[in-house]
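A.B. asks: sequence and predicted structure below; questions after.
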Amino acid sequence: MSKKILPLVLGAAMGVAATTAAGATTLEDVKAKGFIQCGVSQGLPGFSNPDAQGNWTGLDVDLCRAMAAAVFGDASAVKFTPLSAKERFTALQSGEVDVLSRNTTWTMSRDTQLGLNFAGVNYYDGQGFMVRKDLGVTSALELSGASVCTNTGTTTELNVADYFRANNMPYEIVAFEKADEVVAAYDAGRCDVYTTDASGLYAQRLKLTNPGDHMVLPEIISKEPLGPVVRQGDDEWFNVAKWTLNAMINAEELGVTSENVDNMKSSDNPSVKRMLGVEGAFGEGIGLSNDWAYNIIKNVGNYEETFNANVGPDTPLGISRGVNALWSNGGFLYAPPIR
Amino acid sequence: MANSDTFQIRTEEAPLLPAPVSTTGVIGWMRKNLFSSISNTILTIIGIWLAYSIIAPFIQFAFVDAVWTGENREACLPQDGGHSGACWAYVEAYFPQFIYGRYPTDQTWRVDIVFALFALLLVPLAIPSAPFKRTNAILFLVVLPIVSYFLLTGLVIGGAVVLPIVETAVWGGLLVTMVIAVTGIVASLPLGIALALGRRSKMPIIKLVSIIFIEFWRGVPLITVLFMSSVMLPLFLPEGVTFDKLLRVLIGVTLFSAAYMAEVVRGGLQAIPKGQYEGAMALGLRFWPMMYLIILPQALKLVIPGIVNTFIGLFKDTTLVLIVGMFDLLGQIQSSFTDPTWSTPSQGHTGYLFAAIVFFVFCFGMSRYSIFMEKKLHTGHKR
């Protein structure tokens, strides 16, 4: 018995890293097992959070569903693994998840040093400020002398310090350990300003006694481009992730929605034809069927639809498109054409 | 004896006067117990004030201001700027998830059956006068775990899906809490008894092993055990050998509480006078019959409070599984706080209040049952 166990244990000790890399490509793996394992947050309102029925919803979740639709033509062929901020990269590196769609900021060190690739940006976030409307402040530059509520020991705190110092404004930090405590303190009037990532501000505003009495200031003091992440060195799968996102953005630009996608198949616009697989064989180029983009749009929708369904003005979060609008509408979203 | 007509002989008893009003009834009780001295009066007033200032806001929050029905957060938003009460509508909407976690909705009847079987078998087992104890115990301890295992995880016979497989990763809520607590409780008691006997054994190896086991598991925090079992253990296993996360937690929790149980039982064993052992040996009983018939029944009865204490501690410790990514009742409630559909200022308070109520019901139930058993078994020890 011991003769058999020893090599196994030794093999495990040495082979942990090797076996994941030596296996088939992620796309082949995914096709073989029949679903995508998607790493999401443990709960970030509007981006990835379970609803009352236990289904995962959110902008990041919809991206994973879109990838499943592209690969299988079935947006439900995806399983979600909630990951903490600490374990997210390890989970992706070790192959526990196939794609990490977890409001992860694209930074140089993450992109280059962790063996990961960012497949694009599905939400441009940044640190913002929330104040009471009756404070009469319309710009963050008027916040001189303000007390600022924030979380302890995060980059948020450092960003605030940098910003106020750069603009020669005195300020006072009121820091708490947990997000809930920060909100409660701000709600109780212990500070004038509440700062965190803008998407978080909108989510936390819902927990205030009178959300309508508060406003988010227009200034954004840090760059937080959030996007899906895949393992480095697997270009086939990287392409699938990248072009799933691009297809959703292109679909919005071309006016293709989940409702009109069937009619759009007979559109005269060559761009639409190429995207929906009526012309050309672009799907085969990334190892999928040619109706990959059709499946994404039909099953999940274009970027605008997922944005509006999860974080848009009609949801409790009520986030406006802002910089996340298409480039043609004054935002940052710009996808390379399908050609 | 002269002048006998001045004698007055009472032929009937003097009428019984009622006790003074100030010593009877509610007033008397209050004078005696609440206002017997100045210091007691002050204490009483402080007590009433404290009780009022805690209970009144609680009732205000949980009942008076509470919102009982609603579709989404709109219903639970504070009216005209004041603080709103508990948002029970949110608990109602999330109730299935608090019970089953993310167990597939069309399969939750399987969980219901397990809960029902558990209750049906536990109640007669817990009532001392109910018949068929032996059959009942076998059903509860042998048949129920097997049936529950297949009901909860699924059953596939030769490729035919009888019950669809449900991964433990989607289990959650009260289901996970109960599975961990019940498995831990049922498995740790016999293991703990064995360890306690082992520690008192005269056989050196058994004694040493028992001591090392007990001291090791008592020497590490449960969080460490859970963390090691979910983060370190996979590194030691050969590639491809996966070990279900829930199973790892179950083993960790069981071994951990068995060590505590062993020390509780050992306390009981030490309280048994030597004469009991000698008497048993004089009757010609060997080790196991002696333990089974004479020593353990007395020892276990003595330590019922300690055993139940460990059980209650174990039940509450199940909430720690959150750190290894399992969603027990509390974890499921906390995860629901991130749903923007229901996020209101009172959401957090309501969720925690619900968790507190559920945990209290279970722990208080166990506590009362242990007192009931103590009273029933108090033969000869009651003072």
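C.D. replies: Yep, that arrived.

A.B. asks: just checking, A:His230 is part of a helix?
C.D. replies: His isn't right for residue A:230; it's Val. No: judged by DSSP: H, G, I helix; E, B strand; the rest coil, A:Val230 forms no part of a helix; its state is strand.

A.B. asks: contacting residues for it?
C.D. replies: A:Val230 sits next to A:26, A:92, A:98-100, A:116-117, A:119, A:237-238, A:241 when contact means Cβ atoms under 8 Å, 6 or more residues apart in numbering or on different chains. Heads up, the C-betas are built off the backbone N, CA and C, glycines and all.

A.B. asks: look up how far A:Gln93 lies from it.
C.D. replies: Per Cβ to Cβ, to the nearest Å, A:Val230 is found 11 Å from A:Gln93.

A.B. asks: repeat for B:Arg368
C.D. replies: B:Arg368 sits 51 Å away from A:Gln93, going by Cβ to Cβ.

A.B. asks: ok, the residue in the stretch 1-150 of chain B that chain A sits nearest to - how many residues close by?
C.D. replies: Closest contact between the stretch 1-150 of chain B and chain A, by Cβ to the nearest Cβ, is at B:Arg102 (4.0 Å). By other Cβ atoms under 10 Å in any protein chain shown, the residues close to B:Arg102 number 23.

A.B. asks: A:Pro50 is in contact with that one, correct?
C.D. replies: Yes: using Cβ atoms under 8 Å, B:Arg102 is in contact with A:Pro50, at 6.9 Å.

A.B. asks: wait, doesn't B:Leu377 sit right on B:Val303?
C.D. replies: No: at 11.6 Å, B:Leu377 does not count as touching B:Val303 under the criterion of Cβ under 8 Å.

A.B. asks: ok, the two, which is more surrounded?
C.D. replies: Taking other Cβ under 10 Å, B:Leu377 and B:Val303 do not tie; B:Val303 has more neighbours (21 against 16).

A.B. asks: any figure for the gap between that one and chain A?
C.D. replies: Note on B:Val303: its distance to chain A, by Cβ to the nearest Cβ, to the nearest Å, is 39 Å.

A.B. asks: and for B:Ile357?
C.D. replies: B:Ile357 sits 19 Å away from chain A when distances are taken as Cβ to the nearest Cβ.

A.B. asks: report pLDDT for that residue.
C.D. replies: Here the pLDDT value assigned to B:Ile357 is 95.

A.B. asks: in which helix or strand does it reside?
C.D. replies: helix B:347-376 (DSSP states H and E).

A.B. asks: got the buried residues for that helix?
C.D. replies: B:347-351, B:353-355, B:358-359, B:362-363, B:366, B:370, B:373-374 (16 or more other Cβ atoms under 10 Å in any protein chain shown).

A.B. asks: same check on stretch A:60-68?
C.D. replies: A:60-68.

A.B. asks: please pull out the lowest mean pLDDT helix or strand from chain B.
C.D. replies: helix B:233-236 (a mean of 70; mean pLDDT, DSSP states H and E).

A.B. asks: tell me which parts of the stretch 51-200 of chain B are close to chain A?
C.D. replies: Applying Cβ under 8 Å from any Cβ of the partner chain, we find that the stretch 51-200 of chain B lies next to chain A at B:72-73, B:78, B:81, B:83, B:93-94, B:96-97, B:101-103, B:105, B:169-170.

A.B. asks: ok, and the most crowded of those residues?
C.D. replies: Within these, neighbour counts (other Cβ under 10 Å) peak at B:Gly101, which reaches 28 neighbours.
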